[in-house]
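Enquirer: dropping a prediction and its sequence here:
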Protein chains: 2
Amino acid sequence: MATSISPLAPASFPKMPPVDGVRLSTAAAGIRYAGRTDVLLVLLDPGTSVAGVFTRSKCSSAPVDWCRARIKSGTASALVVNSGNANAFTGRTGRAATALTAKIAGKAAGCKPEAIFLASTGVIGEPLDATKFEGVIERLVADAAPGGWEKAASAIMTTDTFPKGAAAIVRMGAGTVSICGFAKGAGMIAPDMGTMLSFVFTDAPIAPAVLRKLLRESVEDTFNAVTIDGDTSTSDTLLAFATGAAAARGVAKISSATDSRLAAFRKGFHAVLANLAEQVARDGEGARKLVEILVEGATSKSSARRIALSIANSPLVKTAIAGEDANWGRVVMAVGKAGEPADRDRLSIWFNGIRVAHKGERDPAYDEAAVSAAMKKPEITLKVALGLGKGRDRVLTCDLTKEYIAINGDYRS
Amino acid sequence: MATSISPLAPASFPKMPPVDGVRLSTAAAGIRYAGRTDVLLVLLDPGTSVAGVFTRSKCSSAPVDWCRARIKSGTASALVVNSGNANAFTGRTGRAATALTAKIAGKAAGCKPEAIFLASTGVIGEPLDATKFEGVIERLVADAAPGGWEKAASAIMTTDTFPKGAAAIVRMGAGTVSICGFAKGAGMIAPDMGTMLSFVFTDAPIAPAVLRKLLRESVEDTFNAVTIDGDTSTSDTLLAFATGAAAARGVAKISSATDSRLAAFRKGFHAVLANLAEQVARDGEGARKLVEILVEGATSKSSARRIALSIANSPLVKTAIAGEDANWGRVVMAVGKAGEPADRDRLSIWFNGIRVAHKGERDPAYDEAAVSAAMKKPEITLKVALGLGKGRDRVLTCDLTKEYIAINGDYRS
């Protein structure tokens, strides 16, 4: 397990306001880890809207299957998340564990099991003993209180080296609403989805269909634009909850995605997701550099995305960046293997604003010393201009270091 | 650069017979490395057939472009290969360097520049100074002699830790013919192609169209079924040359791919390619384990191939194997992300013959100690049964170690 905090971590966990209608509590259920919290309960006021995006893995985990089956209802009463065990590839045992968890939580919270949303993260393929929740969930319900975001974000960590939170307060019609979210990531991170678990809460009164639309809009350029190692988790879950509690303060209910009162909310919601997704990249396993890949001049946005992901997932590009080497030859290689339209003789490449290659050749003005200095920075922007069209896109990733190998070569033992 | 020989290397370079009509020589032209050979010249008797397969990169190197333009002629007089500089992403300078190299070699060998085939491997994006060949190629022509395969294989190495050769002697009609090949690989290895450079020579009298067909048949399950890091080189080149010199010993010319006299040759040719491709995996950068991925029960062979490549290219699977951890949960993850038909509840997984997962759950008979012992072996076979159809395939790869990061984090400096 990781021991030291990523050098790319924010200075501190952000100040985050409580969200009306949301109460949280955490506990140590001893799922796998000793001496730390590993269960999170979130209670949601009646009438809370929910929307979700899940992994596209064909082998999704039992909690993902559970949520998928229940997300269509559009409403949620509570969320239970555990770390230490992903309850993935656990067959019938896994399905029974989700049903039992929801039953225990529903009983304690006074709602139907079907209104409980679930997420699990940790080891794959080992049975999750849901009876461990029996002892703690009643107390979690009793203890649940507004705020406490950092504790919540900490309870769901696995190889993460810091808790990840982000918040926004935005105007909505006559009043203001809060948007608070947290996430865990670290490894096995690739679209689609781009994180393992993330939860976002707001007191805005927003109909489920509208929340769903906002979520899909925002996920494409945030969580789906982050990759750590090109591996996609079986458990990726992003849930958004809107309690509607702000209605009591005179904020009108939004039931159409084209409602002009959504303008500030849409922006704030996107910013919270983007912030969380960036923190996931900042905590990539073994990461020492945050790497932003900008591709422009592609034949389309989706072509730019595929080229950006090809660069972001290339072990040779990632190890070169770890070695502080502006090895643009490997960038050319990654552009070439993407299978997208590209003309070698029109290609230009920049590292942190310094053009190193231009129109198919090494830039004659290339100053090795300046580039070397730029590569020592903790944040690297790698820009590729294809010179073919107007398609552009952006993907975040991190470098590939020996520490990644150390973390992942000995995870289970 | 790598310093110690891969623990997966064969005990020694194989004994390889000369091939009639093929003469080789090597020299140190000082392209990049000091104190080692870095240029190879191969002279081919008049009337030699040639066929080739090249990288699918959209940013192929200048020598690849040169060969592609000339391969249609079907005949070759000589081959010049250098290590140290790939002459890739070098624009007009690169094209001029290939033209100059061919001109120098054609003059020395007494043939048209168009009959010279070229390959380069090494750093990408730096100009190749072809005038360096001027001083050495005349001497190479004078020195060229039959055999000397190990020296040839050594001259084209970059981060390879051992020279790679393979040979077969097979019956063809009334006589026998030889097939000798060598390759270099090590990193930036992924289909298609599955190696950077490989050259195979035979004295069999085979028409270019037949040679082309044999090459395409064999490459699919040999070089195209090897992946080291999922990165595809701009320089991948596999050329096969048939001098036809065996005709002087009474071997009849083969001008149809369905000729029954091809049976043994086809087998021998495939075996040489398979052997070279496996050696490339055995010399994967930083490799400590040779990993064979077998996928069966898929809906088709191509579906099995995609699933096998998804597993073979997963950093999490590769680091787990480096850590001698039978982490089949990560195998499930890699199956799930392949995007191919898969049913979690029918999946079974074996490591070196021990079934660790069965029908969507951990195998109840799973013996951790036996699996741990199996994982310590230098060769790991990972079998996945999908239980859906009859599609099966096989891919070779290696583990992902800290040594890979060390080799690739500081290649240019």
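Expert: Structure's in. What do you need?

Enquirer: got the CA positions of the longest strand seen in chain A in CSV?
Expert: Longest strand in chain A by number of residues (criterion: DSSP state E): strand A:39-54. Output of strand A:39-54 as CSV, limited to C-alpha atoms (Å, rounded to 0.1, in the frame of the first residue of the first chain):
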residue,chain,number,x,y,z
VAL,A,39,-17.7,2.1,5.7
LEU,A,40,-19.6,5.3,4.8
LEU,A,41,-23.3,5.8,5.2
VAL,A,42,-25.1,8.8,3.5
LEU,A,43,-28.7,9.5,4.4
LEU,A,44,-30.8,11.4,1.9
ASP,A,45,-34.0,13.3,2.6
PRO,A,46,-37.2,11.9,1.0
GLY,A,47,-37.6,12.8,-2.6
THR,A,48,-33.9,12.9,-3.5
SER,A,49,-33.2,12.5,-7.2
VAL,A,50,-30.4,10.3,-8.3
ALA,A,51,-28.5,9.8,-11.5
GLY,A,52,-25.5,7.6,-12.2
VAL,A,53,-22.8,6.6,-14.7
PHE,A,54,-21.1,3.2,-14.4
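
Enquirer: list the helices and strands the helix or strand just after that strand packs on?
Expert: Later in the chain than strand A:39-54, the nearest helix or strand by DSSP states H and E is helix A:62-71. Secondary-structure packing of helix A:62-71 (3 or more C-beta pairs under 8 Å, 6 or more residues apart in numbering or on different chains; DSSP states H and E): strand A:39-54, helix A:91-109, strand A:116-123, strand A:237-242. Backbone N, C-alpha and C define where each C-beta goes, glycine included.

Enquirer: quick revisit: the longest strand of chain A: partners in the sheet, and parallel or antiparallel?
Expert: In the sheet, strand A:39-54 lines up against strand A:22-27 (antiparallel), strand A:75-85 (antiparallel), strand A:237-242 (antiparallel) (DSSP bridges).

Enquirer: now the second one: average pLDDT?
Expert: The predicted model gives strand A:75-85 an average pLDDT of 95.

Enquirer: strands of the stretch 251-400 of chain A, residue ranges please.
Expert: A:290-298, A:348-351, A:354-358, A:361-362, A:379-385, A:391-398 (DSSP state E, counting those that start in this stretch).

Enquirer: flag every buried residue along the second one.
Expert: By neighbour count, with 16 or more other C-beta atoms under 10 Å in any protein chain shown as the criterion, the buried positions of strand A:348-351 are A:348-351.

Enquirer: before we move on, what about the longest one?
Expert: Counting neighbours by 16+ other C-beta under 10 Å, one finds that the buried residues in strand A:290-298 are A:290-298.

Enquirer: make CSV out of these and add pLDDT and distance to chain B.
Expert: Shown next, in CSV, are these (pLDDT from 0 to 100; distance: C-beta to the nearest C-beta, whole Å):
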residue, pLDDT, distance to chain B
A:290, 92, 17
A:291, 94, 14
A:292, 95, 20
A:293, 95, 15
A:294, 97, 18
A:295, 97, 14
A:296, 97, 17
A:297, 97, 14
A:298, 97, 12
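
Enquirer: spatially, which two of those are the most separated?
Expert: Largest separation among the buried residues of strand A:290-298 by C-beta to C-beta: A:290 and A:297, giving 23.6 Å.

Enquirer: can you tell me the closest non-neighbouring residue to the closest residue to chain B within the stretch 101-250 of chain A?
Expert: For the stretch 101-250 of chain A, the residue closest to chain B is residue A:124, as judged by C-beta to the nearest C-beta, at 2.8 Å. Spatial nearest neighbour of residue A:124, chain neighbours left out: residue B:329 (2.8 Å); criterion: C-beta to C-beta, 6 or more residues apart in numbering or on different chains.

Enquirer: didn't the one you found look like it was pressed against residue A:87?
Expert: No: in this structure residue B:329 lies outside contact range of residue A:87 using C-beta atoms under 8 Å: 11.1 Å.

Enquirer: number of nearby residues for the residue nearest to residue A:124?
Expert: Counted with other C-beta atoms under 10 Å in any protein chain shown, the neighbours of residue B:329 add up to 28.

Enquirer: picking up where we left off before, between the buried residues of strand A:348-351, which is nearest residue A:408?
Expert: residue A:351 (27.1 Å).

Enquirer: and the spatially closest residue to the closest one that is not a sequence neighbour, how far from residue B:58?
Expert: Distances taken as C-beta to C-beta, 6+ apart put residue A:326 closest to residue A:351, at 4.5 Å, once the chain neighbours are dropped. As for residue A:326, its distance to residue B:58 is 22 Å (criterion: C-beta to C-beta, to the nearest Å).

Enquirer: ok, now residue A:291?
Expert: 22 Å.

Enquirer: re earlier: quick one, which of residue A:326 and residue B:58 is more surrounded?
Expert: Set residue A:326 next to residue B:58 and count neighbours by other C-beta under 10 Å: residue A:326 wins out with 26 against 19.

Enquirer: now do the contacts for the more buried one.
Expert: By C-beta atoms under 8 Å, 6 or more residues apart in numbering or on different chains, the residues touching residue A:326 are A:320, A:351, A:354, A:356, A:371-372, A:374-375.

Enquirer: let me know the closest of those residues to residue B:161.
Expert: Proximity to residue B:161 was ranked across those by C-beta to C-beta; first place goes to residue A:320, at 20.6 Å.

Enquirer: residues near the closest residue to that closest one other than its chain neighbours, how many?
Expert: Distances taken as C-beta to C-beta, 6+ apart place residue A:327 nearest to residue A:320, at 3.8 Å, with adjacent residues excluded. Each residue near residue A:327 was counted by other C-beta under 10 Å, and the total is 25.

Enquirer: and what of residue A:11?
Expert: By other C-beta under 10 Å, the residues close to residue A:11 number 5.

Enquirer: likewise for residue A:69?
Expert: Here the count is done by other C-beta under 10 Å, and residue A:69 has 11 residues near it.

Enquirer: return the distance of it relative to chain B.
Expert: Residue A:69 is 15 Å from chain B, where distance means C-beta to the nearest C-beta, to the nearest Å.

Enquirer: measure that residue to residue A:308 for me?
Expert: Residue A:69 is 34 Å from residue A:308, by C-beta to C-beta.

Enquirer: for residue A:281, same thing?
Expert: When residue A:281 is compared with residue A:308 (using C-beta to C-beta), they lie 13 Å apart.

Enquirer: neighbour count winner among those two?
Expert: Taking neighbours as other C-beta under 10 Å, residue A:281 and residue A:308 compare with residue A:308 leading, 29 against 26.

Enquirer: can you pull the contacts of the residue nearest to residue A:299 when sequence neighbours are not counted?
Expert: What sits nearest to residue A:299 in space, not counting adjacent residues and going by C-beta to C-beta, 6+ apart, is residue A:389, at 4.4 Å. Contact partners of residue A:389, counting by C-beta under 8 Å, 6+ apart, are A:297-300.

Enquirer: please redo it, this time with the cut-off set to 10 Å
Expert: Contacts for residue A:389 (C-beta atoms under 10 Å, 6 or more residues apart in numbering or on different chains) come out as A:296-301, A:303-304, A:341.

Enquirer: the helix or strand in which residue A:176 is found versus strand A:22-27: what angle between them?
Expert: Here residue A:176, judged by DSSP H and E, is contained in strand A:175-184. Interaxial angle, strand A:175-184 versus strand A:22-27 (axes from the mean of the first three to the mean of the last three C-alpha atoms, to 10 degrees): 20 degrees.

Enquirer: mean confidence for strand A:175-184?
Expert: Mean pLDDT, computed over strand A:175-184, is 95.

Enquirer: again, but for stretch A:248-262
Expert: With pLDDT averaged residue by residue, stretch A:248-262 scores 95.
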